[in-house]
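Student: This is a predicted model, with the sequence first.
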Amino acid sequence: QYECAASQCVSELQKAQLQVQSLQAKIHESEANNEKLQEKLNEMECELRSIRQAAQNQERTIQGLNESIGTKDSETQELYQLIEGQNATLCKLREIAHRTQLTQSNVQTLAQLQGELVGVQSSLFSLGLELESSQRSLRQSQRQGDDLGRFKDRIDSDLQEALQHREVTEKHNQDLRSALQKSRSELQAKEAALRESEADRHSELQEKDRSIAQLKRSLQDKERQLQEYSEMLESTKSSKPRDALLEKLRERIKERDRALERSIDEKFRCLEERESQVRRLQLALREKERDLERLRCILSNNEETITSLDALVRGKELELEQAAEAYRNLQWLRQQNEEKERNTMREKDTIISQLQAALQTRSQETEVTNTHTHTHTHTHIHTPTCIHIYAFVAMALFADLCFSKP
């Protein structure tokens, strides 16, 4: 019975050792999984840094677009000022023409001047139409620039929201890393406690085995002594001393049996305590595995969140590229409008110069002929001269209306 109990204890000890080894293997596997999760976290941090860098580049691009829009606005304002200067020059020219008409006295000269003014009127009218179309294009370009600015503001707000969400996700990942580190330290502490408990149990089992072996040797000695005493009693053929000696030996054997039973009971109690401790460690390990599984689920959700943020940033980059392309098209249209306005202003300057030269020539001719035909002209063409003067003033006012700033 003692040998069976000892073999049973040894088998249970081996089972406990196998369980401890399996627990250690699970702990090592959990550590490997934790290392993989840490690597994934590092990769996600790298992706977050790249996303932050891309957002900064987009902000710099948007700032450059704003500066370009401001430059174009200033150039447009300068063009408006140039148009106002040309209008002022036209007003001066109209006053000169008015003064010249008041001093003219030659009907033929006024008729020629009226024909030239009609040609100038048609040219100024066409230039006014071109200038009006250019101004409409410029206003459309300004509206497109405003739309682009609002679109940029919307992209800025979306990027700011994405950055805030990314900061929250990064903070949550840091919390997860701290929780993972804490779980790892707790697992290491449990593993150390399990190894220490295993060593204590192994030493106690060795001590119990030594005690059992010693008891076996004592039992064998007692059996041998009992056999010797039995032989001695048989040789003496005395019943009373033999019975007393046998009773005494039986008492000693019972005491040895009780001591051996107490030792075995104590050994089984230690084994039960170790088994309960192993079960507690197994429960703790399963709980840690559940925590690790929960952390894996959270990390998976964070990966999905980062993927969605990456897709959002790529979408914003695409929208920003489209906005940049629209701005380049707008800039090209504005350059075309500016070139058209410059051509219009050059044509206007040319016509004004021709008109000034014609007026100066007619003024000189009028001054020359005025001294000879003043009386005759004054008596016969007073009414036509006034009509031509009124027509010239009307044409000048129409030209001023065409070139005025809207």
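Tutor: That came through fine. Residues are numbered from 1 along each chain as shown.
Student: what about Asp200, helix or strand, and which?
Tutor: helix 107-236 (DSSP states H and E).
Student: list the helices and strands the very next helix or strand once past that helix packs on?
Tutor: Note on helix 107-236: by DSSP H and E, the next helix or strand toward the C-terminus is helix 239-380. On a contact count with 3 or more Cβ pairs under 8 Å, 6 or more residues apart in numbering; DSSP states H and E, helix 239-380 meets helix 2-103, helix 107-236. Just so you know, the C-beta spots here come from the backbone N, C-alpha and C atoms, and that holds for glycine as well.
Student: Show the average pLDDT along the first one.
Tutor: Yep, that's helix 2-103 we're talking about. Helix 2-103 shows a mean pLDDT of 71.
Student: can you check the last one too?
Tutor: Average pLDDT, helix 107-236: 69.
Student: Only the C-alpha atoms, please, for stretch 14-26, written as PDB.
Tutor: Provided in PDB are the C-alpha atoms of stretch 14-26 (Å, rounded to 0.1, in the frame of the first residue of the first chain):
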ATOM      1  CA  GLN A  14       4.600  14.300 -12.900                       C
ATOM      2  CA  LYS A  15       1.100  15.400 -13.900                       C
ATOM      3  CA  ALA A  16       1.600  18.600 -12.000                       C
ATOM      4  CA  GLN A  17       5.000  19.100 -13.600                       C
ATOM      5  CA  LEU A  18       3.400  18.600 -17.100                       C
ATOM      6  CA  GLN A  19       0.700  21.200 -16.200                       C
ATOM      7  CA  VAL A  20       3.400  23.600 -15.100                       C
ATOM      8  CA  GLN A  21       5.300  23.100 -18.300                       C
ATOM      9  CA  SER A  22       2.100  23.600 -20.400                       C
ATOM     10  CA  LEU A  23       1.500  26.800 -18.400                       C
ATOM     11  CA  GLN A  24       5.000  28.000 -19.100                       C
ATOM     12  CA  ALA A  25       4.600  27.200 -22.800                       C
ATOM     13  CA  LYS A  26       1.300  29.300 -22.800                       C
END
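Student: any residues touching it, and which ones?
Tutor: For stretch 14-26, contacts defined as Cβ atoms under 8 Å, 6 or more residues apart in numbering pick out Glu191, Leu194, Glu198, Arg201, Leu271, Arg274, Glu275, Val278, Leu281, Gln282, Leu285, Glu289.
Student: Among these, name the buried ones.
Tutor: Among the contacts of stretch 14-26, those classed as buried by 16 or more other Cβ atoms under 10 Å are Glu191, Leu194, Glu198, Arg201, Leu271, Arg274, Val278, Leu281, Gln282, Leu285, Glu289.
Student: CSV please, covering the residues you listed and showing distance to Glu47.
Tutor: Output for the buried ones among the contacts of stretch 14-26, formatted as CSV (distance: Cβ to Cβ, whole Å):
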residue, distance to Glu47
Glu191, 34
Leu194, 38
Glu198, 44
Arg201, 49
Leu271, 53
Arg274, 48
Val278, 43
Leu281, 38
Gln282, 38
Leu285, 33
Glu289, 28
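Student: Can you tell me which of those residues is nearest Asn87?
Tutor: Set against Asn87, the nearest of those by Cβ to Cβ is Glu289 (85.6 Å).
Student: quick one: contacts for the closest one?
Tutor: Lys26, Ser30.
Student: Okay, it and Lys348: tell me how far apart.
Tutor: 86 Å (Cβ to Cβ, to the nearest Å).
Student: same deal with Glu251?
Tutor: 142 Å.
Student: between these two, which one's more packed in?
Tutor: Lys348 (23 against 10; other Cβ atoms under 10 Å).
Student: Could you report the distance from Lys26 to Tyr327?
Tutor: From Lys26 to Tyr327 the distance is 60 Å (Cβ to Cβ).
Student: again with Gln21
Tutor: As judged by Cβ to Cβ, Gln21 and Tyr327 stand 69 Å apart.
Student: Ser300 too?
Tutor: From Ser300 to Tyr327 the distance is 40 Å (Cβ to Cβ).
Student: Show me which of those two is the more surrounded one.
Tutor: Neighbour count, other Cβ under 10 Å: between Ser300 and Tyr327, Tyr327 has more, with 21 against 11.
Student: measure that one to Glu319 for me?
Tutor: Taken as Cβ to Cβ, the span from Tyr327 to Glu319 is 12 Å.
Student: swap in Glu207?
Tutor: Taken as Cβ to Cβ, the span from Glu207 to Glu319 is 78 Å.
Student: neighbour-wise, which of these two wins?
Tutor: Each of Glu207 and Glu319 has its neighbours counted (other Cβ under 10 Å); Glu319 has more, 16 against 13.
Student: follow-up on the earlier one: widest-spaced pair of the buried ones among the contacts of stretch 14-26?
Tutor: Within the buried ones among the contacts of stretch 14-26, Leu271 and Glu289 form the most distant pair, 26.2 Å apart (Cβ to Cβ).
Student: C-alpha coordinates for stretch 343-357, CSV please?
Tutor: This file holds the C-alpha atoms of stretch 343-357, laid out as CSV (Å, rounded to 0.1, in the frame of the first residue of the first chain):
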residue,chain,number,x,y,z
ASN,A,343,-4.3,94.6,-75.2
THR,A,344,-7.6,96.5,-74.8
MET,A,345,-5.8,99.3,-72.9
ARG,A,346,-3.1,99.5,-75.5
GLU,A,347,-5.7,99.8,-78.2
LYS,A,348,-7.5,102.4,-76.1
ASP,A,349,-4.2,104.4,-75.6
THR,A,350,-3.5,104.2,-79.4
ILE,A,351,-7.0,105.5,-80.2
ILE,A,352,-6.7,108.3,-77.6
SER,A,353,-3.3,109.3,-79.0
GLN,A,354,-4.7,109.3,-82.5
LEU,A,355,-7.7,111.4,-81.3
GLN,A,356,-5.4,113.8,-79.5
ALA,A,357,-3.2,114.2,-82.6
